[in-house]
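Engineer: how would this look folded up:
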Amino acid sequence: METIEINGRSDFALWAIQRAQEIVTAEGAAFAVAARDMDEEELAQTAAALGKAISDAMLEVFDGLTAE
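Structural biologist: Just a heads-up that it's a prediction; the model follows:
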């Protein structure tokens, strides 16, 4: 995982946009396919994976804000 330094709102906004793009690229395609196919089990699994990726990103930010 790459470490970056966030010095202000614009740095954080850029990071958040980039992370969101990565998450959607990695998890969103499977979610869209499951939705298209109306596969409820697969839809639930891919939605959970998308939610976990978002949660992990938020924890990543929190961990970066806490003192070591």
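
Engineer: where does the protein dip in pLDDT?
Structural biologist: In the predicted model of the chain, residues 1, 65-68 satisfy pLDDT under 70.

Engineer: Just the helices from it, written as ranges.
Structural biologist: The residue ranges that make up the helices of the chain, judged by DSSP state H, are 9-23, 29-37, 40-65.

Engineer: Redo the ones you listed as a markdown table? Include distance to residue 3.
Structural biologist: Placement of C-beta: from N, CA and C, glycine included. As requested, these are exported to a markdown table (distance: least, C-beta to C-beta, whole Å):
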| stretch | distance to residue 3 |
| --- | --- |
| helix 9-23 | 11 |
| helix 29-37 | 27 |
| helix 40-65 | 8 |
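
Engineer: Could you dump these into TSV and include mean neighbour count?
Structural biologist: Listed next are the helices of the chain as TSV, based on neighbours: other C-beta atoms under 10 Å:
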stretch	mean neighbour count
helix 9-23	13
helix 29-37	14
helix 40-65	13
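
Engineer: got the contact list for stretch 11-22?
Structural biologist: Residues from elsewhere that reach stretch 11-22 (C-beta atoms under 8 Å, 6 or more residues apart in numbering): 4, 5, 6, 57, 60.

Engineer: now, which of the residues you listed sits nearest residue 26?
Structural biologist: Relative to residue 26, the closest of these is residue 57; by C-beta to C-beta it sits at 11.0 Å.

Engineer: how close does the closest one get to residue 36?
Structural biologist: To residue 36, residue 57 is 25 Å away according to C-beta to C-beta, to the nearest Å.

Engineer: swap in residue 51?
Structural biologist: If you go by C-beta to C-beta, the gap between residue 51 and residue 36 works out to 19 Å.

Engineer: now do residue 15
Structural biologist: Residue 15 sits at a distance of 31 Å from residue 36 (criterion: C-beta to C-beta).

Engineer: do residue 3 as well
Structural biologist: With distances defined as C-beta to C-beta, the gap from residue 3 to residue 36 amounts to 37 Å.

Engineer: now swap in residue 7 and tell me
Structural biologist: As judged by C-beta to C-beta, residue 7 and residue 36 stand 42 Å apart.

Engineer: what residues are up against residue 33?
Structural biologist: Contacts for residue 33 (C-beta under 8 Å, 6+ apart) come out as 42, 46.
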